[in-house]
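**Q** pasting the structure only:
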């Protein structure tokens, strides 16, 4: 007891002075948590994996998948919060933390553009010749007005259409020989008339692949190539969209999620061109182009292995043209109305072990061509219409590390109707002569005939393919087989049946010579059905058989650097049994038996995004010829263009600017010259007599286009203003020949002059 | 895939200004041909008149031939290739009286939009070193239109075609007395047809079987310009004296040619002088 007391006194004597000198430090004021969400400016997309650093490292957190973060243990008062990440521009914000309440930050950061330049790798069952371009990359290509689907016209192998219109003539084949697919379903046209705009909203498209020829067995029924559009699933990270207006049209998109497993995307486009054109036309001319399109996509994430899409889409083009007399009455007019609508369902299943199955049924209604023409009292009409239905199923199974198996079914059926009152020659066909690009107005001097017919077609093609990797995967061989079965049944005025069983073997191979060089080649058989109108007994021939081609392709890919690729291809196409005009007195209006040959090569040097620049050079050297009847001389194909050169590039500048240039040089199209003419008194017009088909050629084409974009990023939305200038140096390009009234003088019809297009696009 | 019609229209509307209009006559031209009657059968007598003009005052020679080459309605290209194959000479002269030859209807091709079949008559005109070829298609009564007869009495709307005629070219006076005009003057002209010029006829294959002929008027002149060519029959034509004007006192010719759509024609002529 006495010792403890002594210790206490000692402690008190020693400690007391110390205690007396001691400063009482306050306990630290801990703030309530700092809570926040980090999203991208403009599109409001949550940013995951962003480092959130307080002051100079006093605290640190990382945003989760939803862009959220929470930081605790900070003292109250002012702090600086730093936001850092590989894909964002560094951002700092001052904040005052409180003791009594949590502090919530709603942060918008500038996201660096993610240029995803996706070129499909040469993986299993990939077509040996394909070019894929992603939507982000190509939105800024000059001369395309931001329409990513028009960018396909800059790829090698495509002829330049007249007036830079929307026809796709690839590797010397007619535009109708190349099939366009959206999510595996065929649509009749990729562009509104004249190539003004694409019929599918580009914002829904995730990739666009051009297969110019030598394509695999999962596609067929076209002697030309294949254009594949894949649309994306609608976004599930909130509500997003855009609205855009320029001189051609107004368009918009809205997409978002409905609950956790559903998402939707809806897009539209409506032309406004018809409101501006009257300012450029005289009062006697009526020219009223109108177009619109729509897409509605519903996505259902059924399970982790299943996706289900419901997709409705359609497009409508209407053109009314007339020359009006002083009393306002029509004197010569025609009205064209073409449209299509589709509804499809797509189920995709992923099996354990890597196998996949995709099933896509669809229905649709098309009027690919509807034309009414009035010349004086003469009324002419031609309307094609068809109801279509299809089923595509593709199963892919890896059998081993070195072998992959694929099989499927490609079925298409149509009920096609033709209602026509026209001259016996009907509508224009490649190889016809005429006043302009081969087109002639209805001929009042000729007989007018009528036909109303219905053709039922059913085309079924099962297919199989193997991909075999040999020699340590340096050699890949892809033997393939497609059994195309085509049936045609005519009703109403026609009454015929025909069926064709058409084997289509194909073979492709790739050899990896080195880590940078791949050689590839393919050979394959292809068939194409005649058009429904061609089976007309009055204007065509019910006994027509499918056209036929063999494609031969060899090429090489060279990976110069990680972002610079060079591809060269050589190709030859042997075309047989082409539908041509009958010439004998007792021949039907149309007959098979025409032949063609296409040969050439192409080069594509492509720089993917590198130091803010991307671009490519494409060059094609090609010859396309036809022989319409045995013994006829070979003649150039209508779209035979010997040289096709495209150089384009785009560079991202600071402060939201981007600039792009495109230069093109193309050999002029062949045309058939007029050798003489006579005056037809009854129709008070001169009638030209033509020389050898396509024996003359227009001058070559060259043009420079420029595009400048400026993007303003706000927290909740983005605004892009763009200027797209076509034909910067006002080059005069000859698109055709026009003649004096008596055909004694001729001059060139020039393409569009210098043409600036301005537009604005708001996105959220 | 069909050629985009939009391209055609752009081409059609882009006629270059330096390609002369058909209405301007500065050399040998055949403005029209009249057959009286304009619809005939084999063995009928027909008077043919060629309205050939040459502002340079050169004498004009005209020869006529019937083309018997097979046609599809449009004259066979061989009719005018200069070889003479398939041609049957009918005579020469600005006017010609001919007897319609026998023709196999099968060689004339199927009917046109007006249910007519036609015999091509080749007209070759020359003056000085210039020459031109033209084809006038004479409507033939060889095959009856459904619902009609070839011989009288004719059913309503089945009578043979007749030539239209002008009863006035307003506001111009009749006759050949020259009319004064001056540079920059704008004439509003109307070709007024006589009653009955627009005949009603049958087109059984059309959705509208009873139609009236649509009359069309062509205007030609040695000076000035017309905004439209041709124009509908009841339409006013504006003629502006703005180009190729002669000196004061000089003469200007104006021709007016009227057509129905079945081969019938009429013509009128007026003289002007520059003040």
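**A** Alright, I've got the coordinates. All of these numbers come straight from a predicted model, not from anything done at the bench.
**Q** For the rest of this, base every contact and every neighbour count on C-alpha atoms.
**A** Noted.
**Q** What does the residue in the stretch 51-200 of chain B that chain A sits nearest to show for phi and psi?
**A** Proximity of the stretch 51-200 of chain B to chain A (C-alpha to the nearest C-alpha) peaks at residue B:112, 3.9 Å away. Here is the backbone geometry of residue B:112 (degrees, to the nearest 10): phi -90, psi -170.
**Q** And residue B:80, by the same measure?
**A** Dihedral angles (degrees, to the nearest 10) for residue B:80: phi -120, psi 20.
**Q** does it really touch residue B:122, like I thought?
**A** Yes: using C-alpha atoms under 8 Å, residue B:80 is in contact with residue B:122, at 7.4 Å.
**Q** isn't the residue of the stretch 51-200 of chain B closest to chain A right next to residue A:448, touching?
**A** Yes: counting by C-alpha under 8 Å, residue A:448 is a contact partner of residue B:112 at 5.5 Å.
**Q** and residue 86, how many neighbours?
**A** Let's take chain A. 11 (other C-alpha atoms under 10 Å in any protein chain shown).
**Q** actually chain B
**A** That count, for residue B:86 with other C-alpha under 10 Å as the rule, works out to 16.
**Q** next one: residue A:366
**A** Neighbours of residue A:366 (other C-alpha under 10 Å): 22.
**Q** Does it touch residue A:387 like I think?
**A** Yes: the pair residue A:366 and residue A:387 qualifies as a contact (C-alpha under 8 Å) at a distance of 6.3 Å.
**Q** What residues does the stretch 601-750 of chain A have near chain B?
**A** Residues of the stretch 601-750 of chain A lying close to chain B (C-alpha under 8 Å from any C-alpha of the partner chain) are A:677-684, A:689, A:736, A:738-742, A:745-747, A:749.
**Q** Mind checking which of the residues you listed are buried?
**A** By neighbour count, with 16 or more other C-alpha atoms under 10 Å in any protein chain shown, these hold A:677-684, A:689, A:736, A:738-742, A:746, A:749 as buried.
**Q** Run through the residues that contact the most centrally placed residue in chain A.
**A** Nearest to the mean C-alpha position of chain A, by C-alpha atoms, centre = their mean, lies residue A:149 at 3.4 Å. Contacts for residue A:149 (C-alpha atoms under 8 Å, 6 or more residues apart in numbering or on different chains) come out as A:190, A:198, A:202, A:208.
**Q** does it count as helix, strand or coil?
**A** helix (DSSP: H, G, I helix; E, B strand; the rest coil).
**Q** The spatially most central residue of chain B and residue B:193, how far apart?
**A** The centroid of chain B falls nearest to residue B:32 when counting by C-alpha atoms, centre = their mean (4.1 Å). Here residue B:32 is placed at a distance of 17 Å from residue B:193 (C-alpha to C-alpha, to the nearest Å).
**Q** re the thing from before, ok, now how distant is the residue nearest to the centre of chain A from chain B?
**A** From residue A:149 across to chain B, the span is 18 Å (C-alpha to the nearest C-alpha, to the nearest Å).
**Q** Same question for residue A:390.
**A** Distance of residue A:390 to chain B, given as C-alpha to the nearest C-alpha: 20 Å.
**Q** Neighbours of that residue, how many?
**A** 21.
**Q** did I read that right, it in a strand?
**A** Yes: assessed with three-state DSSP, residue A:390 lies in a strand.
**Q** got a pLDDT number for it?
**A** Looking at residue A:390, its pLDDT stands at 97.
**Q** Not counting its neighbours along the chain, what's nearest it?
**A** Distance criterion C-alpha to C-alpha, 6 or more residues apart in numbering or on different chains; nearest residue to residue A:390, sequence neighbours excluded, is residue A:412 at 4.3 Å.
**Q** The one you found against residue A:459, yeah?
**A** Yes: between residue A:412 and residue A:459 there is a contact at 5.3 Å, judged by C-alpha under 8 Å.
**Q** count of residues packed around the closest residue to chain B within the stretch 151-300 of chain A?
**A** Relative to chain B, the nearest point of the stretch 151-300 of chain A is residue A:176 (4.4 Å; C-alpha to the nearest C-alpha). Using other C-alpha under 10 Å, residue A:176 has 20 other residues around it.
**Q** Please apply the same query to the one 5 residues further on.
**A** Look at residue A:181: counted by other C-alpha under 10 Å, it has 20 neighbours.
**Q** Next, work out how far apart it and residue A:541 are.
**A** Distance from residue A:181 to residue A:541, by C-alpha to C-alpha: 29 Å.
**Q** Same check on residue B:166?
**A** In terms of C-alpha to C-alpha, residue B:166 sits 48 Å off from residue A:541.
**Q** Tell me which of the two has more neighbours.
**A** Neighbours per residue (other C-alpha under 10 Å) separate residue B:166 from residue A:541, with residue A:541 holding more: 21 against 17.
**Q** which ones are touching the more buried one?
**A** Residue A:541 neighbours (C-alpha under 8 Å, 6+ apart): A:534-535, A:588-591.
**Q** Over to residue B:24?
**A** Contacts of residue B:24 by C-alpha under 8 Å, 6+ apart are B:220-225.
**Q** Sheet-wise, list the partners of the strand of greatest length in chain A with their directions.
**A** With secondary structure taken from DSSP state E, chain A has its longest strand at strand A:448-470. Sheet pairing of strand A:448-470 (DSSP bridges) gives strand A:403-423 (antiparallel), strand A:475-492 (antiparallel).
**Q** just how off-centre is it within its chain?
**A** 23 Å (C-alpha atoms, centre = their mean, to the nearest Å).
**Q** same thing with stretch A:587-604?
**A** So, by C-alpha atoms, centre = their mean, the centroid of stretch A:587-604 is 26 Å from its chain's centroid.
**Q** buried stuff in it?
**A** Buried, per 16+ other C-alpha under 10 Å, within stretch A:587-604: A:588-604.
**Q** Can you pull out the low-pLDDT segments for the stretch 401-550 of chain A?
**A** Residues of the stretch 401-550 of chain A meeting the criterion pLDDT under 70: A:434-447, A:493-494.
**Q** Recalculate using a threshold of 80.
**A** Along the stretch 401-550 of chain A, the parts satisfying pLDDT under 80 run over A:422-428, A:431-449, A:492-494.
**Q** residues contacting the residue nearest to residue A:390?
**A** By C-alpha under 8 Å, 6+ apart, the residues touching residue A:412 are A:388-391, A:458-460.
**Q** one more time with 10 Å
**A** A:185-186, A:361-363, A:388-392, A:457-461, A:486 (C-alpha atoms under 10 Å, 6 or more residues apart in numbering or on different chains).
**Q** cool, and residue A:350?
**A** Residue A:350 touches A:304-307, A:356-358, A:395-396, counting by C-alpha under 10 Å, 6+ apart.
**Q** do the same with residue A:367
**A** A:188, A:316, A:337-341, A:383-387, A:416-417.
**Q** And the closest residue to residue A:742 other than its chain neighbours, which helix or strand is it part of?
**A** Leaving aside its sequence neighbours, residue A:742 sits nearest to residue A:686 (C-alpha to C-alpha, 6+ apart; 5.7 Å). Element membership for residue A:686 (DSSP states H and E) is strand A:685-690.
**Q** who does whichever helix or strand comes after that strand touch, helix- and strand-wise?
**A** Moving toward the C-terminus from strand A:685-690, the next helix or strand (DSSP H and E) is strand A:696-697. When contacts are defined as 3 or more C-alpha pairs under 10 Å, 6 or more residues apart in numbering or on different chains; DSSP states H and E, strand A:696-697 packs onto strand A:670-671.
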